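Q: following is a predicted model, sequence given first.
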2 protein chains.
Amino acid sequence: MSTTNSLAVEDLGSAAQRDRRKRILDATITLASQGGFDAVQMRAVAEQADVALGTLYRYFPSKIHLLVSALQREFERTETALRDRPIEGDTTAERVINVLKRTTRGMQSDPQLTEALTRAFMFADNSVQAEIHQVGMLLTSMLTRVMHPEGHAELTEEDVAIARVIGDVWLSALVGWVTGRSTAAETGQQIEVAVRLLLRD
Amino acid sequence: MSTTNSLAVEDLGSAAQRDRRKRILDATITLASQGGFDAVQMRAVAEQADVALGTLYRYFPSKIHLLVSALQREFERTETALRDRPIEGDTTAERVINVLKRTTRGMQSDPQLTEALTRAFMFADNSVQAEIHQVGMLLTSMLTRVMHPEGHAELTEEDVAIARVIGDVWLSALVGWVTGRSTAAETGQQIEVAVRLLLRD
DNA sequence: TCTAAAATAGGAACACGTTCCACTTCGTCC
DNA sequence: GGACGAAGTGGAACGTGTTCCTATTTTAGA
């Protein structure tokens, strides 16, 4: 499992196409930031990206695909940014908590965007499998790297299992926050408790 | 936190109204079982329940409310059925795993219904808070009761936290299965691993 | 450079969740 | 029994995701 993000599947066509794709995703993020999931209307995205509706659907076969792809791009950005920063914390649990809380704070600073992307992620069906899987891998690799910053490739099965459980809790907590069921503080608390339960070293 | 389900808020009007409500939920379950989330179309539900569209919306203000209410009824049924059966397993972990696997198997025997209800649950926003909260409480109380079958009311904060984490994992696993990201076997495995990580007694 | 194929524009049309309205039926109180 | 408000009926209408069609533009290859 390489940590580079160059996948042969990914290189999509010409510069003009890459540009259109970027414009579309930019428009998506902009609209999502302003009004959340409901504000990301396909006609509005097309107009703002200066693209025809049919073209939008050629690039992204559904609103869910569009939003999950946007999530993927944002997440890659976050993950890259995180990789360059030193990871604070003495114990594994501390490091994981720090990273998750920082990431969560980042998302909470743009609630509408987070709502849009999280809703899309949770609503995605198997036709979005590929994109979803990418995001899942990214999250797991981010967590395992934080757990073992030395990168000795000494990942046990248990490590991966723990990372997965933490990812699940994080997602649930996020959904709870996005849907207004819990506050930001509760969300952080929920994650912290789970991590301490799982990582008692 | 009582385990009875009699809430003063719940008693809704006349027998005719209870009957209509039941017919609507029955129709919802039937349609969901046949074709999943997409097949639960409001016009179809209204027709099958022999109720006007406006009446359907009077009882349930949105498709999500409708499906989450159906989930709640089904879950209550499951929880009641579970309460009468002895809980097999020597250790806490064994008992929790048994119960969760049995419940999961039950849901997997009707994939379309499970898909419909899970999708709705994940997509619900804060306007469905009340119903969602009910379901969450039901799940937590079910789990803590399995963890402490004697009912000595000796629940620690940690117990509740663990139950919550397990609930999160279960939900994530369910979503993974519903959206075709993981198989039934993987779902069971995922839950089992998480429970063993959390309950090492 | 010319041409065929692919991509895009522009927009009509359809499906389903949701709202709304005019009318009818039901239940309750005098 | 009559009156009045609540509840229900039937269906039109609207918004947004999605599909589809034709004309035009861009791209790639001979």
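A: Received it, and whenever you're ready, just let me know what you need.
Q: contact partners for the residue lying closest to A:Glu154 once chain neighbours are set aside?
A: Closest residue to A:Glu154 apart from its sequence neighbours, by CB to CB, 6 or more residues apart in numbering or on different chains: A:His148 at 6.3 Å. Bear in mind the C-beta positions are built from the backbone N, C-alpha and C, glycine included. Going by CB atoms under 8 Å, 6 or more residues apart in numbering or on different chains, A:His148 touches A:154-155, A:159.
Q: could you do A:Ile132 as well?
A: Counting by CB under 8 Å, 6+ apart, A:Ile132 has contacts A:68, A:121, A:124, B:179, B:181.
Q: list phi and psi for A:Val51.
A: phi -150, psi 150 (degrees, to the nearest 10).
Q: report pLDDT for it.
A: Looking at A:Val51, its pLDDT is 98.
Q: could you verify my assumption that it touches A:Arg23?
A: Yes. A:Val51 is within contact range of A:Arg23, at 6.8 Å (criterion: CB atoms under 8 Å).
Q: could you give the number of residues near A:Leu82?
A: The tally of other residues near A:Leu82 (other CB atoms under 10 Å in any protein chain shown) stands at 16.
Q: my guess is it meets A:Met142, correct?
A: Yes. Assessed by CB under 8 Å, A:Leu82 is found in contact with A:Met142 at 6.8 Å.
Q: hey, what's in contact with both of these two?
A: Counting by CB under 8 Å, 6+ apart, the residues touching both A:Leu82 and A:Met142 are A:Val99.
Q: and the helix or strand that contains A:Arg20, which residues are buried?
A: Using DSSP states H and E, A:Arg20 maps to helix A:15-39. The neighbour-count check on helix A:15-39 (16 or more other CB atoms under 10 Å in any protein chain shown) flags A:20-21, A:23-25, A:27-33, A:35-37 as buried.
Q: can you check stretch A:60-72 too?
A: Buried-residue list, stretch A:60-72, by 16+ other CB under 10 Å: A:60, A:63-72.
Q: spit out the contact partners of the residue most central in space within chain A.
A: The centre of chain A sits closest to A:Phe75, judged by CA atoms, centre = their mean, with a distance of 4.0 Å. By CB under 8 Å, 6+ apart, the contact list for A:Phe75 reads A:135, A:138-139.
Q: again, only this time at 6 Å
A: By CB atoms under 6 Å, 6 or more residues apart in numbering or on different chains, the contact set of A:Phe75 is A:135, A:138.
Q: for it, grab phi and psi.
A: Dihedral angles (degrees, to the nearest 10) for A:Phe75: phi -70, psi -40.
Q: same question for A:Thr91.
A: Given degrees, to the nearest 10, the pair of backbone angles that A:Thr91 has is phi -90, psi 160.
Q: for A:Gln41, give its distance to A:Leu66.
A: For A:Gln41, the distance to A:Leu66 equals 11 Å [CB to CB, to the nearest Å].
Q: what's the burial count for the nearest residue to A:Asn126 once chain neighbours are set aside?
A: Among residues not flanking A:Asn126 along the chain, B:Gly180 sits closest, at 3.0 Å (CB to CB, 6+ apart). Residues near B:Gly180, counting by other CB under 10 Å, number 16.
Q: and B:Gly180, which of the three is it?
A: coil (DSSP: H, G, I helix; E, B strand; the rest coil).
Q: quick check: phi and psi at it.
A: According to degrees, to the nearest 10, B:Gly180 has phi 70, psi 20.
Q: again with the one 3 residues further on
A: Note on B:Thr183: its backbone torsions stand at phi -80, psi 170 [degrees, to the nearest 10].
Q: nearest residue to it in space, please, no chain neighbours.
A: Spatially, and ignoring its direct neighbours in sequence, B:Thr183 is nearest to B:Trp177 (7.3 Å; CB to CB, 6+ apart).
Q: tell me the contacts of the closest residue to A:Asp201 other than its chain neighbours?
A: Spatial nearest neighbour of A:Asp201, excluding adjacent residues (CB to CB, 6+ apart): A:Thr92 at 5.7 Å. Under the criterion of CB under 6 Å, 6+ apart, the neighbours of A:Thr92 are A:147, A:199, A:201.
Q: what residues does chain A have near DNA strand C?
A: A:13, A:16-17, A:20, A:50-55, A:58-59 (CB under 7 Å from any atom of the strand).
Q: mind running it again at 10 Å?
A: Within chain A, the positions near DNA strand C by CB under 10 Å from any atom of the strand are A:12-14, A:16-21, A:23-24, A:42-43, A:46-47, A:49-59.
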